[in-house]
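In: Have a look; sequence and predicted model below, questions after that.
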Amino acid sequence: MATTTHDTETEVQDRAILVSLVTDKIKRTGIDPELSLQELVQLAETAGVEVLDVLRQNKETPDSRWFIGKGKVEELRMAADGLGANTAIFDQELSGAQVRNLEEALDLKIIDRTQLILDIFAGRAKTREGIIQVELAQLSYLLPRLSGQGKNLSRQGGGIGTRGPGESKLETDRRHIRERITELKRQLDEVVKTRELHREHRRKSGAVQVALVGYTNAGKSTLLKQLTDADVYIENQLFATLDPTSRVLQLPGSKEVVLTDTVGFIQNLPHDLVASFRATLEEVNEANLVLHVVDSSSPMREEQMEVVQTILQDLGAAGKPQIVLFNKIDLCQPEQLEMLPTGEGFLKISAFNEEDLSRITEIISDQLAGDTLIFRIPGDRGDLSSLLYRVGEVLEQDYDGSDVLYNVRLNKEDYDKWSYKLAEFVEPQ
């Protein structure tokens, strides 16, 4: 919600004009400014903002004082007066001085893309880890900009840009904010150690891990719910999921894997946010297999896929085995479907189609499957028998005296992990 009610305040709706400055530098990056602006509209609506209008300007470089040109500032002021706007949201990051100058010239609350994303995260964080991560990112972003936050903090009614750390914290001096950042980092270190213990436990238990990654709102949480009956929050919104959710997924042949949903990616994801959420995002590094979920109906499909691959590379997970799931094909036009890549490693699906869900579990099973080995297990070694069922796919079992012969499909990674227990029981072929 972008409205706030306090005892001494009336509820104020954020009514915004969105502003995009297209510079030569942006043109060189290959980012489509119009698609970025469409995404900003979605971000604003996700934050509960009423979008009144969009203002664009082409300029070689940003204006050091206003970010946009002085004439465009006047145009923005007249548009805001005419439409009754109380907020301007910029599609690029602003300096503290630019925020202060624009506030004084326009008498509007000034928000940039980074602050808007941080605000959405602040509203969505539910776990202790998520709340710490978001506050740390917000304070790291706001510290160098404190002098430019006057109207954002004092403006009646709260709304976007004031959610999270709160006015009392941000109005204290920099020293207190730095102390708070140090304390949050200490708390986050504790949470990270706990997360690492959980990872180590999963590694030792031999659990095979599959990670769902993708652009925000690609349908990862829906897919997790459909595949595992998980009780997760599903909403057609950006960043509906912040905290990783793991559930057991049953594959053909009774093999089980741990399927983890991760926070959605977005272009220009704020640096402070990536740093704060790094421990969460690095769940991907533990995965045996990555499922890259793509909204195949999105006009920004190619750009979104590129953003995901770049972030995976930054996390050191680019070399992981990966399957691309082109989701939401039920929303695609025929010409969109024709443009989707086909072949090994690609699958066109709808998360609501039972046959597609079966195909996903089969392709995961095939991807994780390895060589077929025969193990001769003594009848009194039930621990080894259960281990084979847990880490491999038992295709057949037979009896030879007091021994049990298991025909098992087992991938190399899992065999290497458990060879110290299993190697002596492998039958020569």
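Out: Received the coordinates, thanks.
In: What does the pLDDT read for Ser386?
Out: Note on Ser386: pLDDT of 91.
In: I meant to write Ala218 there.
Out: pLDDT, Ala218: 92.
In: Hmm, it is touching Ser296, no?
Out: No: in this structure, Ala218 is not within contact of Ser296 by CB atoms under 8 Å, at 9.1 Å. C-beta here means a position set from N, CA and C on the backbone, and glycine is covered the same way.
In: Compare those two (neighbour count), which wins?
Out: Neighbours were counted for Ala218 and for Ser296 using other CB atoms under 10 Å; Ala218 has more, 27 against 24.
In: which phi and psi does that one have?
Out: For Ala218, the backbone dihedrals are phi -80, psi -20 (criterion: degrees, to the nearest 10).
In: report the longest helix in this protein, please.
Out: helix 174-205 (DSSP state H).
In: Now do the following helix or strand past it: which elements does it pack against?
Out: Secondary structure here is assigned by DSSP states H and E; on that basis, the next helix or strand after helix 174-205 toward the C-terminus is strand 209-214. Contacts of strand 209-214 with other secondary structure elements, assessed using 3 or more CB pairs under 8 Å, 6 or more residues apart in numbering; DSSP states H and E, are made with helix 220-228, strand 256-261, strand 289-295, helix 301-314.
In: Quick one, which of those gets closest to Glu424.
Out: Glu424 lies closest to strand 256-261 among those, at 25.6 Å (CB to CB).
In: So which bits of the longest helix of the chain are buried?
Out: Under the neighbour-count criterion of 16 or more other CB atoms under 10 Å, helix 174-205 has 177, 180, 184, 187-188, 191, 195, 199, 202 buried.
In: Give me the distance from it to the chain's centre.
Out: The chain centroid and the centroid of helix 174-205 are separated by 19 Å under CA atoms, centre = their mean, to the nearest Å.
In: Within the helices and strands, which one has Val404?
Out: When elements are assigned from DSSP H and E, Val404 belongs to strand 403-410.
In: okay, the helix or strand just after that strand in CSV with CA atoms only?
Out: From strand 403-410 onward toward the C-terminus, using DSSP H and E, the following helix or strand is helix 412-422. Once non-C-alpha atoms are left out, helix 412-422 reads as follows in CSV (Å, rounded to 0.1, in the frame of the first residue of the first chain):
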residue,chain,number,x,y,z
LYS,A,412,28.1,-39.0,-11.2
GLU,A,413,27.9,-36.2,-8.6
ASP,A,414,25.8,-38.3,-6.3
TYR,A,415,27.9,-41.4,-6.8
ASP,A,416,31.1,-39.5,-6.0
LYS,A,417,29.5,-38.1,-2.9
TRP,A,418,28.6,-41.5,-1.6
SER,A,419,31.3,-43.7,-3.1
TYR,A,420,33.0,-44.1,0.3
LYS,A,421,29.9,-46.1,1.3
LEU,A,422,28.8,-47.7,-2.0
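In: Could I get the buried residue list for helix 412-422?
Out: Counting neighbours by 16+ other CB under 10 Å, one finds that the buried residues in helix 412-422 are 414-415, 417-418, 422.
In: Make CSV from those residues and add distance to Val394 and pLDDT to it.
Out: Listed next are these as CSV, based on distance: CB to CB, whole Å; pLDDT from 0 to 100:
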residue, distance to Val394, pLDDT
Asp414, 13, 76
Tyr415, 14, 80
Lys417, 17, 79
Trp418, 14, 86
Leu422, 13, 91
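In: how about these in JSON lines, adding distance to Leu395?
Out: Supplementary listing: the buried residues of helix 412-422 in JSON lines, determined by distance: CB to CB, whole Å:
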{"residue": "Asp414", "distance to Leu395": "15"}
{"residue": "Tyr415", "distance to Leu395": "15"}
{"residue": "Lys417", "distance to Leu395": "20"}
{"residue": "Trp418", "distance to Leu395": "18"}
{"residue": "Leu422", "distance to Leu395": "16"}
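In: Count the residues that sit near Asp400.
Out: 8.
In: Asp63 now?
Out: Using other CB under 10 Å, Asp63 has 16 neighbouring residues.
In: what is the orientation angle of the helix or strand encompassing Leu142 with helix 174-205?
Out: Mapping Leu142 onto the secondary structure by DSSP H and E places it in helix 128-142. In terms of direction (axes from the mean of the first three to the mean of the last three CA atoms, to 10 degrees), helix 128-142 departs from helix 174-205 by 140 degrees.
In: contacting residues around Val324?
Out: Contacts of Val324 were listed using CB atoms under 8 Å, 6 or more residues apart in numbering, and they are 292, 294, 305, 341, 345-347.
In: does it count as helix, strand or coil?
Out: When the structure is split into helix, strand and coil by DSSP: H, G, I helix; E, B strand; the rest coil, Val324 lands in strand.
In: Which residues does it form beta bridges with?
Out: Each beta-bridge partner of Val324 is listed here: His292, Phe346, as defined by DSSP bridges.
In: Quick check: it vs Val213, distance?
Out: When distance is defined by CB to CB, to the nearest Å, Val324 is 10 Å away from Val213.
In: tell me, what's touching these two both at once?
Out: His292.
In: picking up where we left off before, okay, now the sheet partners of the strand holding Val404, with direction.
Out: Strands adjacent to strand 403-410 in the sheet, as given by DSSP bridges, are strand 371-378 (antiparallel), strand 393-400 (antiparallel).
In: buried residues in that strand?
Out: By neighbour count on 16+ other CB under 10 Å, the buried set for strand 403-410 is 404, 406-410.
In: can you list the domains in the protein?
Out: Each domain of the chain is listed here as a residue range: 15-175, 207-367, 370-425, per automatic domain parsing.
In: ok now the shortest one, how far from the chain's centre?
Out: For domain 370-425, the gap between its own C-alpha mean and the chain's C-alpha mean amounts to 38 Å (CA atoms, centre = their mean).
In: ok, now the first one?
Out: Here domain 15-175 is found 21 Å from its chain centre; the criterion is CA atoms, centre = their mean.
In: Kindly check the end-to-end length of it for me.
Out: Start to finish, the residues bounding domain 15-175 are 34 Å apart (CA to CA, to the nearest Å).
In: Also the second one?
Out: Distance between the boundary residues of domain 207-367 (CA to CA) amounts to 16 Å.
In: So which bits of stretch 274-286 are buried?
Out: 276-277, 279-284, 286.
In: Can you name the residues that contact Ser350?
Out: 327-330, 356.
In: For the residues you listed, could you give me JSON lines that also reports secondary structure, neighbour count and pLDDT?
Out: Below are the contacts of Ser350 laid out as JSON lines (DSSP: H, G, I helix; E, B strand; the rest coil; neighbours: other CB atoms under 10 Å; pLDDT from 0 to 100):
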{"residue": "Asn327", "secondary structure": "strand", "neighbour count": "26", "pLDDT": "96"}
{"residue": "Lys328", "secondary structure": "coil", "neighbour count": "22", "pLDDT": "96"}
{"residue": "Ile329", "secondary structure": "helix", "neighbour count": "18", "pLDDT": "95"}
{"residue": "Asp330", "secondary structure": "helix", "neighbour count": "13", "pLDDT": "93"}
{"residue": "Asp356", "secondary structure": "helix", "neighbour count": "19", "pLDDT": "96"}
